[in-house]
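# Sequence below, structure please.
(2 chains)
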Amino acid sequence: MKPYLLFPYKARFVGLALIAAHVPVRAIWEAINPDIDQSHRLPVNPGDSLLFTNSHLFFIASTVLVLSGLFLIAFSKEKVEDEQISKLRLDCLQWAIYLNYFLLTLSVIFTNGINFTDVLRLNLWVPLLFFIIRFRWVIYWLGRPVNQENL
Amino acid sequence: MKNTLRVQRAIKNITQADLADAIGVSRQTINTIESNKYVPSTVLALKIARVFGKPVEEIFTLDDED
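Here you go, the predicted structure:
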């Protein structure tokens, strides 16, 4: 992945802060509105109007906040962004896309109707989360021998 | 691909960190090259050769499987 397409190294901490800030806000909102899970579903019938209510707007804001946070964590540069890191990044991105489309294919086969929106939501998070977890794990795994040898 | 990076470093008496700084990569990358987990690009191989003042072929050689 080209380094100029990545965010600066410190953007990762902004991403972490966004996600950390989201947690208490979401918790308070859920305490005030226990039915939040139902509030952001797409209308089933054309006449229904569940879009752009207060709860729906909050859902949009909180989702965009967490997505932005995850995006910054996933696509910010490492301290030393060299060619090996670029290769690992692409490798992990490939795995994330494979997993995403595997789940998407399963969802096409086994779901229909309203469940499909849940599947779409799942696919919103899976590629980014899987990419971040795998990328961090691979970097940790590669870094271990260096720390042990202490050269 | 095999390499003699560890030997070359010992001759020149530099650490992985010194070499990494000289060519602008992480120490982790030097370590994975030395342990044959990562094959560097041509550009990186040439940069490494320049640090040691030797031809690339003296540091990197093809393996039987290549």
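# mind checking how far stretch A:74-81 is from the chain centre?
With C-alpha atoms, centre = their mean, to the nearest Å as the basis, stretch A:74-81 stands 17 Å off its chain's centre.
# can you check stretch B:57-66 too?
Remark: stretch B:57-66 is offset 12 Å from the chain centroid, using C-alpha atoms, centre = their mean.
# tell me which residues in it are buried?
Residues B:59-60 are the ones in stretch B:57-66 that count as buried (16 or more other C-beta atoms under 10 Å in any protein chain shown). Every C-beta, even on glycine, is put in place using the N, C-alpha and C of the backbone.
# ok, now stretch A:75-88?
Residues of stretch A:75-88 classed as buried by neighbour count (16+ other C-beta under 10 Å): A:75-78, A:80-86, A:88.
# hey, C-alpha coordinates of it in CSV?
What follows is stretch A:75-88, C-alpha atoms only, in CSV (Å, rounded to 0.1, in the frame of the first residue of the first chain):
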residue,chain,number,x,y,z
PHE,A,75,-4.8,3.0,8.0
SER,A,76,-2.3,5.1,9.9
LYS,A,77,1.4,4.6,9.3
GLU,A,78,3.6,2.6,11.5
LYS,A,79,6.6,4.4,13.2
VAL,A,80,8.8,3.1,10.5
GLU,A,81,6.6,2.4,7.4
ASP,A,82,8.9,0.3,5.2
GLU,A,83,8.3,-2.2,2.4
GLN,A,84,7.8,-5.2,4.7
ILE,A,85,5.0,-3.3,6.5
SER,A,86,3.4,-2.4,3.2
LYS,A,87,3.5,-6.0,2.1
LEU,A,88,2.0,-7.2,5.5
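# quick check: mean pLDDT across it?
The average of the pLDDT scores along stretch A:75-88 is 93.
# and which of the buried residues of stretch A:75-88 is nearest residue A:141?
Residue A:141 lies nearest to residue A:88 out of the buried residues of stretch A:75-88, by C-beta to C-beta, at 10.2 Å.
# Does residue B:32 belong to a helix, a strand or coil?
helix (DSSP: H, G, I helix; E, B strand; the rest coil).
# could you check whether the longest helix along chain B is close to chain A?
Ranked by residue count, the top helix of chain B under DSSP state H comes out as helix B:42-52. Yes: Helix B:42-52 comes into contact with chain A (C-beta under 8 Å from any C-beta of the partner chain), by way of B:43-44.
# now for that helix, which elements pack on it?
Helix B:42-52 is packed against helix B:5-12, helix B:16-23, helix B:56-59, with contacts defined by 3 or more C-beta pairs under 8 Å, 6 or more residues apart in numbering or on different chains; DSSP states H and E.
# Dump those into JSON lines; add distance to chain A and mean pLDDT as well.
Formatted as JSON lines, the helices and strands packed on helix B:42-52 follow (distance: least, C-beta to the nearest C-beta, whole Å; pLDDT from 0 to 100):
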{"stretch": "helix B:5-12", "distance to chain A": "9", "mean pLDDT": "95"}
{"stretch": "helix B:16-23", "distance to chain A": "5", "mean pLDDT": "95"}
{"stretch": "helix B:56-59", "distance to chain A": "16", "mean pLDDT": "94"}
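# hey, which of these is tucked in deepest?
Highest mean neighbour count of these: helix B:16-23, a mean of 18 (counted as mean count of other C-beta atoms under 10 Å in any protein chain shown).
# so where's chain A uncertain?
Counting by pLDDT under 70, the low-confidence segments of chain A come to A:1, A:34-51, A:113-117, A:144-151.
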